[in-house]
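Colleague: for reference, the sequence and a predicted model appear below.
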Amino acid sequence: MQQSISVKEALASQAPRDALLVRGWVRTRRDAKTFSFLELNDGSCLKSLQVIADAALPNYAEVQRLTTGASVSVRGQLVPSQGQGQRWEVKAASVEIIGTADAAYPLQKKGHTPEFLREIAHLRPRSNLFGCVFRVRSRLAYAIHQFFQDRGFAYVHTPIITGSDCEGAGELFRVTTLDLKNPPRREDGEIDSSKDFFGRPTYLTVSGQLEAEAFACALAKVYTFGPTFRAENSNTSRHASEFWMIEPEMAFCDLQGNMEIAEEFVKYLIRDVRTHCAEDLELFAKFVDKGLLERLDFVVERPFQRVSYTEAVELLAKSGHKFEYPVEYGTNLQSEHERYLTEQHFKCPTTVYNYPKEIKPFYMRLNDDDRTVTAMDVLVPGIGEIIGGSQREERLDVLEKSMARHNLDPKDYGWYLDLRRYGTVPHAGFGMGFERMLMFVTGVSNIRDVIPFARTPGNAAF
């Protein structure tokens, strides 16, 4: 049985081939007097392969009825192309029609808006734009693993279902098997969670960080890469209810080391995508964001600026710039503030560190000033925050006081406190939103368009 090759392999051939087999979907068909041109794409690359189907084919009448979206299997010769714009084409010896597509096929050879394509998320990967997006997504995921594996990190699968709220924001999806119409109740009328599947309230995870810390305190350097969930009723272009996170944790590491690995990570991913996804990035630079390639190179070529939160607030307050959200000490920086720092003030990627303890989660290490914690955010032009992290609090007594300040019950975090009782060490880590990074390297402005099937408030289609 003849082995098929991809369109990408065929287009990259160094010499003609007497016999090959390619399979894919018809993008267009054009008819001449004695033959037809088929534009064939299989998703392996942006470009399509031209197939010449001669009228002598026994099923030529069927070939002439092929429409956009139909699937075919083509056997023939790979020969130098006589036309412009392609090096090779296939002279078909046979065209087997595998699946037809009727006139209702919504992805015709014309421009479609991202909003329309979200309504046909099951078909949009066949479009040029989304084929590029999801090839880049695949490559970026591979590069993430490569980065950490090459540096001796162990990949840890942390649980999707958890009993703890890592971020303390309360934006959790409840997981239950109780009968919602008639749940069991305690004597005080509250729902009896002891009768639930896990015998306690459980939720979809917002982060794998706490569990990753446990493994970092045994394997020294670990990372997680998996789905996380936020029940946040936000309809912005930067938020989704289900998204993927990369979260490394490193034992014997402080804030300085954390910033260094985070900045190195961002640059590594950009370089990898620039090298391995050049064709796809060219499409984004042409049709999505004309300044994309320059911005990516800008981040790779420049050292990151580092500035404390206090200094950043002072710079923003003195800038004279009119922000939609006022700048004042003790509030989180908004995207407009972060972009001002990277795009207008420092004119380079920027890492902001040492935030007020009141606006950060319980697990961040308290600085000696008793006012700030060892938090850090990595900011890039065009997006703002792309990484958030910190050195973790390794001192048992200080961590217990922080939990009390955040109104957390130590009973719910007994195992986490054990890490500080049994051989505690300074350790640090960060989280990168995978889709945020994808938005940055593609120039695509809406998170819904870098996730295969987006989950947002009111939308769980497909």
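Modeller: Happy to help now that I have it.
Colleague: pretty sure Leu293 sits in a strand.
Modeller: No - assessed by DSSP: H, G, I helix; E, B strand; the rest coil, Leu293 does not belong to a strand; its assignment is helix.
Colleague: that one: how many residues sit nearby?
Modeller: 16 (other C-beta atoms under 10 Å). Every residue, glycine included, has its C-beta placed from N, CA and C.
Colleague: the nearest residue to it once chain neighbours are set aside in helix, strand or coil?
Modeller: Spatial nearest neighbour of Leu293, chain neighbours left out: Ala285 (5.0 Å); criterion: C-beta to C-beta, 6 or more residues apart in numbering. Following three-state DSSP, we place Ala285 in the helix state.
Colleague: show the pLDDT at Ala285.
Modeller: As predicted, Ala285 sits at a pLDDT of 97.
Colleague: isn't it right next to Leu296, touching?
Modeller: No - counting by C-beta atoms under 8 Å, Ala285 sits too far from Leu296 to count as a contact (9.3 Å).
Colleague: of those two, which one has the most company?
Modeller: Taking other C-beta under 10 Å, Ala285 and Leu296 do not tie; Leu296 has more neighbours (23 against 18).
Colleague: from Pro248, how far out is Arg151?
Modeller: 9 Å (C-beta to C-beta, to the nearest Å).
Colleague: ignore what I typed, I meant Arg405.
Modeller: Arg405 is 27 Å from Pro248, by C-beta to C-beta.
Colleague: who has more neighbours, these two?
Modeller: A count of neighbours by other C-beta under 10 Å puts Pro248 above the other of Arg405 and Pro248, at 29 against 11.
Colleague: what number of residues lie near the nearest residue to the more buried one once chain neighbours are set aside?
Modeller: Of all residues not flanking Pro248 in the chain, Tyr223 sits nearest, at 4.1 Å (C-beta to C-beta, 6+ apart). If you count neighbours by other C-beta under 10 Å, Tyr223 ends up with 25.
Colleague: and Tyr223, that one's in a helix?
Modeller: No - counting by three-state DSSP, Tyr223 is not part of a helix but strand.
Colleague: for it, give me its contacts.
Modeller: Contact analysis of Tyr223 by C-beta atoms under 8 Å, 6 or more residues apart in numbering lists 148, 153-156, 212, 246-249.
Colleague: mind redoing it with 6 Å?
Modeller: By C-beta atoms under 6 Å, 6 or more residues apart in numbering, the residues touching Tyr223 are 148, 153, 248.
Colleague: a markdown table for the residues you listed, including pLDDT, secondary structure and distance to Glu358?
Modeller: Converted to a markdown table, those look like this (pLDDT from 0 to 100; DSSP: H, G, I helix; E, B strand; the rest coil; distance: C-beta to C-beta, whole Å):
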| residue | pLDDT | secondary structure | distance to Glu358 |
| --- | --- | --- | --- |
| Phe148 | 98 | helix | 33 |
| Phe153 | 98 | coil | 32 |
| Pro248 | 98 | strand | 26 |
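Colleague: can you tell me which of those lies nearest to Gly433?
Modeller: Of all the contacts of Tyr223, the one sitting nearest Gly433 is Pro248; the distance, using C-beta to C-beta, is 13.8 Å.
Colleague: near the residue lying closest to Asn332 once chain neighbours are set aside, how many other residues are there?
Modeller: Of all residues not flanking Asn332 in the chain, Ile359 sits nearest, at 5.6 Å (C-beta to C-beta, 6+ apart). By the measure other C-beta under 10 Å, the count of residues near Ile359 is 13.
Colleague: pLDDT on stretch 24-44, on average?
Modeller: pLDDT averaged over stretch 24-44 gives 96.
Colleague: hey, where'd the helices end up in this protein?
Modeller: For the chain, the helices defined by DSSP state H cover 7-11, 60-63, 114-118, 128-150, 209-219, 255-276, 278-287, 292-301, 309-318, 335-340, 396-405, 414-421, 434-442.
Colleague: hey, which of those helices is tucked in deepest?
Modeller: helix 434-442 (a mean of 23; mean count of other C-beta atoms under 10 Å).
Colleague: that one packs against which elements?
Modeller: Secondary-structure packing of helix 434-442 (3 or more C-beta pairs under 6 Å, 6 or more residues apart in numbering; DSSP states H and E): helix 128-150.
Colleague: what angle separates the helix it packs on from helix 255-276?
Modeller: 130 degrees (axes from the mean of the first three to the mean of the last three C-alpha atoms, to 10 degrees).
Colleague: what packs against helix 128-150?
Modeller: Helix 128-150 packs on helix 255-276, helix 278-287, helix 434-442, going by 3+ C-beta pairs under 6 Å, 6+ apart.
Colleague: try 8 Å
Modeller: Contact partners of helix 128-150 among helices and strands, from 3 or more C-beta pairs under 8 Å, 6 or more residues apart in numbering; DSSP states H and E: helix 114-118, strand 154-155, strand 221-229, helix 255-276, helix 278-287, helix 434-442.
Colleague: pLDDT (mean, whole number) over stretch 354-369?
Modeller: Mean pLDDT, stretch 354-369: 96.
Colleague: mind listing what's buried along it?
Modeller: Buried residues in stretch 354-369, counted by 16 or more other C-beta atoms under 10 Å: 354-357, 360-367.
Colleague: return it as CSV; C-alpha atoms alone will do.
Modeller: Output of stretch 354-369 as CSV, limited to C-alpha atoms (Å, rounded to 0.1, in the frame of the first residue of the first chain):
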residue,chain,number,x,y,z
ASN,A,354,7.5,43.9,45.1
TYR,A,355,3.8,44.6,45.2
PRO,A,356,1.8,45.7,48.3
LYS,A,357,0.9,42.6,50.3
GLU,A,358,-2.8,43.7,50.5
ILE,A,359,-3.4,43.1,46.7
LYS,A,360,-1.6,39.8,46.4
PRO,A,361,-2.4,36.1,47.4
PHE,A,362,-1.5,34.6,50.8
TYR,A,363,1.4,32.4,49.6
MET,A,364,3.8,35.2,48.5
ARG,A,365,6.8,35.9,50.6
LEU,A,366,6.7,38.9,52.8
ASN,A,367,9.6,41.3,52.4
ASP,A,368,11.5,42.8,55.3
ASP,A,369,9.6,46.1,55.0
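Colleague: for that stretch, the distance to its chain's centre please.
Modeller: Centre-to-centre, stretch 354-369 and its host chain are 27 Å apart (C-alpha atoms, centre = their mean, to the nearest Å).
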